[in-house]
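>>> below is the sequence, then the predicted model.
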Amino acid sequence: MVELTELMPVRKDNSLLLNVQLKLELGPAVEDALIKGLAVHFVAETEVLRDRWYWTDKKIGASSRYYRLAFQPLTRRWRLNVSSEPISGTGLAGSISQNFETLGEALSVIRRQSAWKIADVQSLEPDARQRLRYEFRLDVSQLPRPFQIAAGNQADWNLQVIKNLRLSEELVR
């Protein structure tokens, strides 16, 4: 289960930052797969869009964060990799890695996304209507093929939240 409890854009210096708080609870099927050695991938994506009546909305800024959560059976520790680029099974070079004693500690890092730069203030247009689109999901495409097929039938694997938020004039000016 995943719920969005806080989605707050903040203007700081010349950047538009985003603070997000999630309520993320993994189901028994996902926890069991983690304990058996399967790595689970999450993706958080944001877009800042300007409304246009004559065409599709114009993308002003976009940013993504990728999370890879895995259990290390030999050390009995949880490893979390965070990157701004997709994390493949072997390519962890561009990611930040942290180790945790418990699954709850690792999930708390994923639940709180703070001071995340999503756009430059110069790219925002003060006289236009703009909105923020946020999406967080479990990336089933990164799972091994048999799990991808099984995940389609189980609610434990369907973790996703999408939210659109109108940007206020104070943030844009």
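Looks like it arrived, so ask away. Residues are numbered from 1 along each chain as shown.

>>> please count neighbours and contacts with C-alpha atoms only from this point.
Noted.

>>> how far away is the residue with the largest distance to the centre of the chain from Leu107?
Relative to the centre of the chain, the most outlying C-alpha is that of Tyr54, 30.8 Å out, by Cα atoms, centre = their mean. Distance of Tyr54 to Leu107, given as Cα to Cα, to the nearest Å: 42 Å.

>>> which residues sit against stretch 135-150?
39-46, 88, 151, 157-163 (Cα atoms under 8 Å, 6 or more residues apart in numbering).

>>> buried members of the residues you listed into PyMOL, please.
Per 16 or more other Cα atoms under 10 Å, the buried members of these correspond to this PyMOL selection:
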select buried, resi 39+40+41+42+43+44+45+46+151+157+158+159+160+161
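
>>> contact partners for the most centrally placed residue in the chain?
Closest residue to the average C-alpha location of the chain: Ala44 at 1.8 Å, with Cα atoms, centre = their mean. Contacts for Ala44 (Cα under 8 Å, 6+ apart) come out as Ser64, Arg65, Tyr66, Tyr134, Glu135, Phe136, Arg137.

>>> Leu38 now?
Listed by Cα under 8 Å, 6+ apart, the contact partners of Leu38 are Ala70, Phe71.
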